[in-house]
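> Provide a 3D model corresponding to the input given below.
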Amino acid sequence: MGQLALAAKITHVPSMYLSELPGPRHGTRQDAIDGHAEIARRCKALGVDTLVVFDTHWLVNANYHINCAPHFKGLYTSNELPHFISNLPFEFPGNPELGQLLAKVCNEHGVETLAHHATTLAPEYGTLVPMRYMNADQHFKVVSVSALCTVHTLAESARLGWAFRRAVEDRYDGTVAFFASGSLSHRFAQNGLAPEYANKMWSPFLEQLDHHVVGMWQRGEWKTFTQMLPEYAAKGHGEGFMHDTAMLLGALGWDHYDALAEIVTPFFPSSGTGQINAVFPVTPMPANLTGIGRSTSSSAPFAAGASRL
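The predicted structure follows:
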């Protein structure tokens, strides 16, 4: 029926917006903006109708959640970085049909998920920043998914990704792209040092770790990467605990996946964090695939004081 046509790990750094404005950061993130435009161009060429964004700025403390209003419009100011993103206008269509279908299939797969299509819930900037550069013409419908998950395992998030793919390929009449909107390592510069680290990594360790991970992606070392993902998320200060990445790889087949990542925007540091735009080619996977999320963490219920990873 439907098709998952494109999958990508994408940046959403607020400095992309600052890059548009007059000032010291003008033009500094043009490569990232161009990368978003290129990914959008490919989506249009593939006939994609809806972009599903795993948003690491949407924090949730229970269940997984999908924002699938019929239309999104407003002005956004970041509560985290209001001096970076202030009164950002946004508007694009949503896809309630797909959002509710995604939730339904997730629940059938044992991943508790709720879809919200009739509330005042607005997207977070992990969705809004990419849509500014990928969807200014409102060509695509957009569905936003919570990916800053505080009491969830990466294994659950991988299974959510696989359930999403099954929903699209088995029951949806359309073509979809999945985006993991989040950084690599995500250790912000210490308070008071932000200007110094505007274009630097916080530490040499994190920079070397990120470069090694990108190399693994380019070499297709997914079995090893999925095994190390929990520790990478912890020691690398992974944004959103790397749930966006687990969701994306779950959709692609987890450790069964064997394609080579294509770097669209090369790795760059921003405010201490590691950023990239990379396309993960979608390859055929059998519908009855098993083992999604294995080797990430215990499936035992989360206990207070235990690792969330």
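> show the average pLDDT along stretch 89-98.
Taken as a whole, stretch 89-98 carries a mean pLDDT of 98.
> now do the contacts for Arg29.
Contacts for Arg29 (Cβ atoms under 8 Å, 6 or more residues apart in numbering) come out as Val13, Ser15, Met16, Leu18, Ser19, Ser270. All C-beta spots, glycine's among them, are computed from the backbone N, C-alpha and C.
> at 6 Å instead, please
Going by Cβ atoms under 6 Å, 6 or more residues apart in numbering, Arg29 touches Ser15, Met16, Ser19.
> what number of residues lie near Gly293?
Look at Gly293: counted by other Cβ atoms under 10 Å, it has 24 neighbours.
> now swap in Gly27 and tell me
Neighbour number of Gly27 under other Cβ under 10 Å is 9.
> could you measure from it over to Gly161?
Distance, Gly27 to Gly161, by Cβ to Cβ, to the nearest Å: 35 Å.
> now swap in Phe268 and tell me
26 Å.
> same deal with Gly240?
14 Å.
> just want to know which of the two has more residues nearby.
Between Gly240 and Gly161, Gly161 has the larger neighbour count (other Cβ under 10 Å), namely 32 against 28.
> for that one, give me phi and psi.
With angles defined as degrees, to the nearest 10, Gly161 sits at phi -60, psi -40.
> now it, nearest residue through space, not along the chain?
The shortest distance from Gly161 to any non-neighbouring residue, by Cβ to Cβ, 6 or more residues apart in numbering, is to Gly250 (2.9 Å).
> residues contacting the one you found?
Contact analysis of Gly250 by Cβ under 6 Å, 6+ apart lists Ala158, Gly161, Trp162, Ile292.
> got the residues you listed as CSV, with pLDDT and distance to Thr56 columns?
Formatted as CSV, those follow (pLDDT from 0 to 100; distance: Cβ to Cβ, whole Å):
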residue, pLDDT, distance to Thr56
Ala158, 98, 15
Gly161, 98, 14
Trp162, 98, 19
Ile292, 97, 20
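> mind picking the two most distant members of these?
With Cβ to Cβ as the measure, no two of these lie farther apart than Gly161 and Ile292, at 7.7 Å.
> follow-up on the earlier one: ok, and the most crowded of the contacts of Arg29?
Met16 (26 neighbours).
> which pLDDT does the model give it?
So, for Met16, pLDDT stands at 94.
> any idea which helix or strand comes after the helix or strand harbouring it?
According to DSSP states H and E, Met16 maps onto helix 15-18. The C-terminal neighbour of helix 15-18 among helices and strands, as given by DSSP H and E, is helix 30-45.
> now that following helix - C-alpha only, PDB.
Extracted in PDB, the C-alpha atoms of helix 30-45 (Å, rounded to 0.1, in the frame of the first residue of the first chain):
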ATOM      1  CA  GLN A  30      23.800  28.100   5.400                       C
ATOM      2  CA  ASP A  31      25.200  24.600   4.800                       C
ATOM      3  CA  ALA A  32      22.700  23.200   7.200                       C
ATOM      4  CA  ILE A  33      19.800  25.200   5.600                       C
ATOM      5  CA  ASP A  34      21.000  24.000   2.200                       C
ATOM      6  CA  GLY A  35      21.000  20.400   3.500                       C
ATOM      7  CA  HIS A  36      17.400  20.700   4.600                       C
ATOM      8  CA  ALA A  37      16.400  22.200   1.200                       C
ATOM      9  CA  GLU A  38      18.200  19.200  -0.500                       C
ATOM     10  CA  ILE A  39      16.300  16.700   1.600                       C
ATOM     11  CA  ALA A  40      13.000  18.400   0.800                       C
ATOM     12  CA  ARG A  41      13.900  18.400  -2.900                       C
ATOM     13  CA  ARG A  42      14.400  14.600  -2.700                       C
ATOM     14  CA  CYS A  43      11.100  14.100  -0.900                       C
ATOM     15  CA  LYS A  44       9.300  16.000  -3.500                       C
ATOM     16  CA  ALA A  45      10.900  14.000  -6.300                       C
END
